[in-house]
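Colleague: Below: sequence and its predicted model.
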Amino acid sequence: MTTSAGKINLLGLTQPEMEKFFESIGEKRFRAGQVMKWIHHFGVDDFDAMSNVGKALREKLKGVAEIRGPEVVSEDISSDGTRKWVVRVASGSCVETVYIPQGKRGTLCVSSQAGCALDCSFCSTGKQGFNSNLTAAEVIGQVWIANKSFGSVPATVDRAITNVVMMGMGEPLLNFDNVVAAMHLMMDDLGYGISKRRVTLSTSGVVPMIDELAKHIDVSLALSLHAPNDALRNELVPINKKYPLKVLLEACQRYMSALGEKRVLTVEYTLLKDVNDQLEHAQEMAVLLKDVPCKINLIPFNPFPHSGYERPSNNAIRRFQDYLHHAGFNVTVRTTRGEDIDAACGQLVGQVMDRTRRSERYIAVRQLGSESEQQDSAMRN
Ligand code: SAH
Ligand code: SF4
């Protein structure tokens, strides 16, 4: 929270934290709401622009605090309206944020970590290894930056961003406190006022943290399933060896019932040619999920160099979808968006580079490995 200059970054503070901050500098708590509106509704990062804050307090704030988002390295706009930002975080790494417009809906896909320790076999972020956790300011900062780029001021009127999914780089449940704080800001009326149904956290299955999540927040949950049995899931999603399907689905059910209302789990399933896309996998999946209130989202694999996987044919995708549909599931196929700017799921690698040099980098990042004790032990424990 505190920068090298010793100033507190107000961007990532939740309302209670902001109130505490103002008390700590001898000011009234109501200032929290005023300043939060300037930051999140109007995208302001300059205390002097806060016209309802007196000059003396503005000077005081300048001395002890700042409003600092991650540095924008690039912003690309695809021919289909998809936008992608590469931002640099304090650790020096870059992460990506993607905006996907779809009719009246605008979904922002936000990153939680630079790299990821969980090493799912078909994910390019996983191939980088873990680099760092984003701060709460860096997580909400992605929403702040995207929102400002639409010039939609205030943010709560005529919104460009109607939904947020924690489906960018990283495993959000392994950066728990910062992600939860940022999601509170997404939902808070003093932040971005997005409904809890429209903020979704996607996890590959860190079971204890799913239970922990229910104690802190009531956002929607998405589970990255990718395989209908433990043997195959162990291969594709290695954390399955620690938290196998049975305990994982029970944890998801507990989370959904803790929400205490009619909401369904989103099940994500990346389709990999000849690996998990056969009819027998769809059949097994229908049995596995028969008692789980869910909607299924099939994601045809987005290729990247040296992945060793291929995207199934359209026929194979349709056959898989049809089977589940006839078995009574609500099942959609995620269309690939922003392909011309490499913004598709699993293509987020957080680097800015000449696209012709991408494959060289994939080789380089494979050698980096995981640098975090904490992340490594999350896998071992
Ligand atoms: N770590 C979290 C959230 C980020 S990944 C998780 O795993 O759920 C967001 C989604 O994209 C996940 O379902 C992930 O499995 C999927 N994904 C990763 N790489 C992919 C690829 N190359 N093609 C298609 N989907 C991919
Ligand atoms: Fe990490 Fe998710 Fe990629 Fe798996 S799919 S390596 S959990 S970002």
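Modeller: That came through fine. Ligands and ions are numbered 1, 2, ... in the order given.
Colleague: what about the one residue in the stretch 151-300 of the chain that gets nearest to ligand 2, distance to ligand 1?
Modeller: Relative to ligand 2, the nearest point of the stretch 151-300 of the chain is residue 204 (3.7 Å; CB to the nearest ligand atom). Every residue, glycine included, has its C-beta placed from N, CA and C. In this view, residue 204 and ligand 1 are 4 Å apart by CB to the nearest ligand atom, to the nearest Å.
Colleague: Apart from its neighbours in sequence, what residue is nearest that residue?
Modeller: Here the nearest residue to residue 204 in space, its sequence neighbours aside, is residue 224; by CB to CB, 6 or more residues apart in numbering that works out to 4.6 Å.
Colleague: show me the contacts for the one you found.
Modeller: 120, 202-205, 237, 268, 270 (CB atoms under 8 Å, 6 or more residues apart in numbering).
Colleague: Over to residue 311?
Modeller: Contacts of residue 311 by CB under 8 Å, 6+ apart are 271, 273, 300-303.
Colleague: overlap between those residues and the residues near ligand 1?
Modeller: The subset of those lying close to ligand 1, counting by CB under 6 Å from any ligand atom, consists of 301-302.
Colleague: okay if I get the contacts of residue 311 as JSON lines plus distance to ligand 2, secondary structure and pLDDT?
Modeller: Converted to JSON lines, the contacts of residue 311 look like this (distance: CB to the nearest ligand atom, whole Å; DSSP: H, G, I helix; E, B strand; the rest coil; pLDDT from 0 to 100):
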{"residue": "271", "distance to ligand 2": "14", "secondary structure": "strand", "pLDDT": "98"}
{"residue": "273", "distance to ligand 2": "18", "secondary structure": "coil", "pLDDT": "98"}
{"residue": "300", "distance to ligand 2": "15", "secondary structure": "strand", "pLDDT": "96"}
{"residue": "301", "distance to ligand 2": "12", "secondary structure": "coil", "pLDDT": "96"}
{"residue": "302", "distance to ligand 2": "12", "secondary structure": "coil", "pLDDT": "93"}
{"residue": "303", "distance to ligand 2": "15", "secondary structure": "coil", "pLDDT": "93"}
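Colleague: So what touches stretch 201-219?
Modeller: In this structure, residues lying in contact with stretch 201-219 by CB under 8 Å, 6+ apart are 118, 120, 165-167, 171-174, 176, 179-180, 183-184, 187, 196, 199-200, 220-224, 237, 239-240, 243, 247-248, 251-252, 254-255, 258-259, 266, 268, 378.
Colleague: For the residue nearest to residue 204, name its beta-bridge partners.
Modeller: Counting by DSSP bridges, residue 224 is bridged to residue 268.
Colleague: Let me see the ranges of the helices in the stretch 101-250 of the chain.
Modeller: Per DSSP state H, counting those that start in this stretch, the stretch 101-250 of the chain carries helices over the ranges 124-127, 136-149, 176-187, 207-216, 230-236, 245-259.
Colleague: Show me what counts as buried in the fifth one.
Modeller: The reference is to helix 230-236. Going by neighbour count (16 or more other CB atoms under 10 Å), the buried part of helix 230-236 is 232-236.
Colleague: any idea of the mean pLDDT for it?
Modeller: The pLDDT scores in helix 230-236 average 98.
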